[in-house]
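Participant: sharing a model that was predicted from the sequence below.
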Amino acid sequence: MIEYEHLGNLNKPFEAEYKEKVEEFFRSGWYVLGRQVDAFERSFAAYCGSPYCIGVASGLDALILALRAYNFPSRSEILVPSNTYIATILSVLHCGLKPVLVEPDVATYNMDPSKIEQHITPRTRAIMVVHLYGKPCRMEDIMRIAHAGGLPVIEDCAQAHGALYKNRHVGTFGLGAYSFYPTKNLGALGDAGAIITDDESLNETFRSLRNYGSKVKYRNDLIGFNSRLDEIQAAFLSVKLNHLDRINAHKRMLAQIYLKELKPDFIKPSVSEDSYDVYHIFNIRHPRRDALKDFLLKHRIKTEIHYPIPPHRQQALQGIFDKDTYPISEEIHRTTLSLPISYGHTPEDIYQVVETINKF
Ligand SMILES: *Cc1c(COP(=O)(O)O)cnc(C)c1O
């Protein structure tokens, strides 16, 4: 059986280093917001080329805090992609704001810059983009539109650690929100997230917001959260960060095999000179997606669907969006299939997938 992903195998090469960190953690006797969080924040900021990194409890929290920091009036409109993991949209709703869905470019699956302006109204307050599947959005175009409208940009980088757009790290164009959920390219061994910013005053705000709105113990200046990056997860992340470039290079090497060897019946991810894609997910599209998934499973190859239900059709979001106006998102959700591509897979695994799938 070729697994879609096996987290135990994926983390095996780092186990000895993790164990040293656990020893260090026990010796320190400091469990919340200590040296491990501090060290990881510094190294992740340096890795991304960003002045500040603030560790938080999850990717969803990173997005919520990013929006909270701006104090937008309630019901302000935030542009978000119509095809994304639901967390992006939930962050807007949790802040009492109104998500406005923008359709993707069907070639990249990312927010289509040419469709942004038509959604900007006097109530629009920010643009939230997602570097979906590990492919950077066209950030120059997006930042130009944002600047023209005086709108801040929040980048959901949960699937794009280490991805570059024109040699610049995602998350450094606007405000970067990261998730370190275990399956992500930079994954912890539990929940974790972070925000990166080049703005000193936002940095201070995030440090306060994640810690009950407090900078000085028992003095609360903001209506804050308990959303601190866990000390032990930060320690694991520092270990993993040292290997992130190798993990991404491995996934890119596997992606090259798919790109080269898959027959043209399948729509493959687009490739652009402008971006360094990190293939958190390698998806293909096919009109008979469900039959293809069953066929592969019958041949002992596991796949996933990212995602089976478009956000605007989710039960939780009924009544928020007009059901019938997101045909591109629907088409992607109907036809997309994610193939195995992880640090735990070998080129031989991928050749085996290719050989099987090309018989479909
Ligand atoms: C994983 C993910 C999130 C949420 O991250 P959590 O750490 O699970 O809260 C948000 N947005 C996208 C695009 C994601 O893939």
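Facilitator: That came through fine. Numbers count the residues shown, from 1 in each chain.
Participant: next, the buried residues of the helix or strand where residue 8 lies.
Facilitator: Residue 8 belongs to helix 7-11 when assigned by DSSP states H and E. Within helix 7-11, the residues scored as buried using 16 or more other C-beta atoms under 10 Å are 10-11. Quick note: C-beta positions are derived from backbone N, CA and C, even for glycine.
Participant: what do you get for stretch 209-225?
Facilitator: Buried positions in stretch 209-225, judged by neighbour count with 16+ other C-beta under 10 Å: 209-212, 214, 222, 224-225.
Participant: against residue 172, how distant is the closest residue in space to residue 116 that isn't next to it in sequence?
Facilitator: Closest residue to residue 116 apart from its sequence neighbours, by C-beta to C-beta, 6 or more residues apart in numbering: residue 145 at 5.2 Å. According to C-beta to C-beta, to the nearest Å, residue 145 and residue 172 sit 18 Å apart.
Participant: the ligand contacts on the stretch 151-300 of the chain?
Facilitator: 156, 158-159, 179, 181, 191, 193 (C-beta under 6 Å from any ligand atom).
Participant: redo these as TSV? Include neighbour count, distance to residue 110 and secondary structure.
Facilitator: Formatted as TSV, these follow (neighbours: other C-beta atoms under 10 Å; distance: C-beta to C-beta, whole Å; DSSP: H, G, I helix; E, B strand; the rest coil):
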residue	neighbour count	distance to residue 110	secondary structure
156	30	11	strand
158	28	13	coil
159	27	11	coil
179	28	17	strand
181	19	20	coil
191	18	25	coil
193	28	21	strand
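Participant: next one: phi and psi at residue 80?
Facilitator: When read as degrees, to the nearest 10, the backbone of residue 80 gives phi -140, psi 160.
Participant: so residue 155: helix, strand or coil?
Facilitator: Following DSSP: H, G, I helix; E, B strand; the rest coil, the label given to residue 155 is strand.
Participant: ok, now residue 341?
Facilitator: Three-state call for residue 341 (three-state DSSP): coil.
Participant: so what's the gap between stretch 119-135 and the chain middle?
Facilitator: Its chain's C-alpha centre and that of stretch 119-135 lie 14 Å apart, by C-alpha atoms, centre = their mean, to the nearest Å.
Participant: now do the same end-to-end measure for that stretch.
Facilitator: With C-alpha to C-alpha, to the nearest Å as the measure, the ends of stretch 119-135 fall 23 Å from one another.
Participant: pLDDT (mean, whole number) over that stretch?
Facilitator: Computed over stretch 119-135, the mean pLDDT rounds to 98.
Participant: how far out from the middle of the chain is the helix holding residue 8?
Facilitator: So, by C-alpha atoms, centre = their mean, the centroid of helix 7-11 is 20 Å from its chain's centroid.
Participant: what mean pLDDT does the next helix or strand after that helix have?
Facilitator: Later in the chain than helix 7-11, the nearest helix or strand by DSSP H and E is helix 15-28. Helix 15-28 carries an average pLDDT of 97.
Participant: do the same with stretch 228-240
Facilitator: 98.
Participant: numbering from 52 from now on, please.
Facilitator: Shifting the count to begin at 52 puts that one at stretch 279-291.
Participant: got a list of contacts for it?
Facilitator: 65, 68-69, 72-73, 75-76, 81-85, 87-88, 90-92, 94-95, 106-108, 231, 237-245, 261-262, 298 (C-beta atoms under 8 Å, 6 or more residues apart in numbering).
Participant: can you pull the phi/psi pair for the residue nearest the centre of the chain?
Facilitator: By C-alpha atoms, centre = their mean, the chain has its centre lying nearest to residue 209, at 1.7 Å. Main-chain dihedrals, residue 209, degrees, to the nearest 10: phi -60, psi -20.
Participant: burial measure for residue 405, as a count.
Facilitator: 17 (other C-beta atoms under 10 Å).
Participant: er, residue 179 actually
Facilitator: Number of residues near residue 179 (other C-beta under 10 Å) recorded here: 29.
Participant: let's verify it: helix, strand, or coil?
Facilitator: Recorded secondary structure, residue 179: strand (three-state DSSP).
Participant: include pLDDT when you put the residues of the stretch 202-351 of the chain next to the ligand into TSV, please.
Facilitator: Listed next are these as TSV, based on pLDDT from 0 to 100:
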residue	pLDDT
207	98
209	98
210	98
230	98
232	98
242	98
244	98
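Participant: if I look at the residue in the stretch 102-251 of the chain that the ligand sits nearest to, how far off is residue 357?
Facilitator: Closest contact between the stretch 102-251 of the chain and the ligand, by C-beta to the nearest ligand atom, is at residue 110 (2.4 Å). Computed as C-beta to C-beta, the residue 110 to residue 357 distance reads 15 Å.
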